[in-house]
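Trainee: With the input below, show me the fold.
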Amino acid sequence: MFNLGIQREIGRGFLAEISFIGNLAHKLPSGNLSLNQVTPDRLAAAIAEGRTPTQADRPFPQFSNINLQGPAFGDARYYASIARLERRFAGGYSILGTYTWARAFNNYTDGGSLGADIGFSNFYNRRADWGPTGNDIRHRFTMTSVYDIPVGKGKKYLSDSWLGAVAGNWSLGGITTLQSGEPFTVNTQVNNTFVNSAGAQRADVIRNPNFSNDQKTLDQWFDTSAFVQPAQFMFGNQGVNIVRADGTINLDASILRNFPFGESMKVQIRGEFFNITNHPNFGGPGATLNGPGFGIVSGAGAGRRIQLGARFVF
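Mentor: Model prediction:
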C-alpha cells in the first residue's frame, strides 16, 4: 500500500491537498470453487465424440459436487487520485470538498454493496474473472458545508438587539454527492456449459453494449442485442462488470435555529431535507439475458424527504 500527498495553504483559511493512494492485495477470501468441474481435455473429448459430458467425465466421478469453501485465492488492486479543498470552521462557516478518481479490480466475489459481483466462472481459467469490482466508482465528488449566520445573541451582528433575538441564530448546512454509476455483468438464465462450474455463466458479447448518455432510456439502458447465449459447452466471452448503471446526484440540506436562554442552554428547531432537488437516482437495469426486465430500469432511490425535529441542549 502507498499514500503520497501534497498539502498547501492557499489563503483565507483554505487548505488544498492532492494525494495518490494505492493498494495491492493477494490471498483474499473468495467465492467457493468447484473442484469437480469437468476438465478442458475431457470436455474436448466429449465434444469430439458428439456427446454431452457426464458424471464419468468429472475428475472425481465418485462424487457429485466438491466445493472449496472460501479459498484464499483472491487478488485485488485499487488506486486513486484525490483532490481536497478544506476550510475548517472559523468565522461562522466551514467547507470540505473532495473529488476522487479511482479504479478497483479483483477476481472474486467481494460482496460489493453497489454493483453485482459473481463467483468464479471457470475453475481452469481464473484469469477471465479479473475485472472491475462491484464497487468500482470511477468518479466521486462530495462537498459539505456549514454556515452559522452571524446574527443574533452572542453573534457579530445585532447581538443585543431585539431584531437579532427575533431573526437571528440561524444555521445552514448542506451535503452534495455526485458519482458515476456502478458496473454489473450480464449473466444467462441457462448454463449450457455442462461442466458443473461453480459460478454463473456470463453471456457472450458481440459488440460494445454501452450506450452514450443521450441514447439511454429506462426501457433500454444498454444495447441488449449485443448479448447472446454462448454456444453449447462454451463459457461466455464477456468480461466482468463491463456495463454501468446510472450515477448519483444528491443534495441534502438542513436549516436550524437556536433559541438560547440562560448561560449554556438552548432549544434547537431543525428542518432536514434529503434529496432536496428530488432528483431521480435510478437503480440498475435487469441483467439476466432474455429474463424479465432485461435492460429495463424498474426502480430508483428515495425521492425528496423532509423531517422536522427539536432538541434541548444544556
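
Trainee: Need the nearest residue in space to Ala76, chain neighbours excluded.
Mentor: With sequence-adjacent residues excluded and distances taken as Cβ to Cβ, 6 or more residues apart in numbering, Ala76 is closest to Asn106, at 4.0 Å. Glycine gets a C-beta too; all of them are placed from N, C-alpha and C.

Trainee: try Pro29
Mentor: That would be Gly70: by Cβ to Cβ, 6+ apart, it lies 4.9 Å from Pro29.

Trainee: same thing with Asp136?
Mentor: Going by Cβ to Cβ, 6+ apart, Asp136 has Ala104 as its nearest residue, at 4.4 Å.

Trainee: likewise Pro61?
Mentor: Gln55 (5.5 Å).

Trainee: How much space separates the one you found from Ser64?
Mentor: 8 Å (Cβ to Cβ, to the nearest Å).

Trainee: Mind checking which of those two has more residues around it?
Mentor: Gln55 (13 against 10; other Cβ atoms under 10 Å).

Trainee: how much space between the more buried one and Leu163?
Mentor: From Gln55 to Leu163 the distance is 87 Å (Cβ to Cβ).

Trainee: Give me the contacts around the helix or strand encompassing Asp252.
Mentor: In the assignment (DSSP states H and E), Asp252 maps to strand 248-261. With contact meaning Cβ atoms under 8 Å, 6 or more residues apart in numbering, strand 248-261 is reached by 152-154, 169-179, 181, 266-277, 279, 281, 301, 313.

Trainee: For the biggest strand by length in the chain, name the packing helices and strands.
Mentor: Ranked by residue count and defined by DSSP state E, the top strand of the chain is strand 74-90. When contacts are defined as 3 or more Cβ pairs under 8 Å, 6 or more residues apart in numbering; DSSP states H and E, strand 74-90 sits against strand 14-28, strand 93-106.

Trainee: Each with direction, which strands does the shortest one pair with?
Mentor: By that I understand strand 93-106. With DSSP bridges as the test, strand 93-106 is paired with strand 74-90 (antiparallel), strand 131-132 (antiparallel), strand 139-148 (antiparallel).

Trainee: Using CSV, write out every CA atom in that strand.
Mentor: The C-alpha coordinates for strand 93-106 follow below in CSV (Å, rounded to 0.1, in the frame of the first residue of the first chain):
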residue,chain,number,x,y,z
TYR,A,93,-18.5,28.7,8.3
SER,A,94,-16.7,25.6,7.1
ILE,A,95,-16.4,23.8,3.8
LEU,A,96,-14.9,20.5,2.7
GLY,A,97,-14.9,19.4,-1.0
THR,A,98,-13.3,16.2,-2.3
TYR,A,99,-13.0,14.7,-5.8
THR,A,100,-11.8,11.1,-6.2
TRP,A,101,-10.9,9.4,-9.4
ALA,A,102,-10.4,5.7,-8.7
ARG,A,103,-10.1,2.2,-10.2
ALA,A,104,-10.7,-1.0,-8.3
PHE,A,105,-10.2,-4.5,-9.7
ASN,A,106,-10.5,-8.1,-8.3
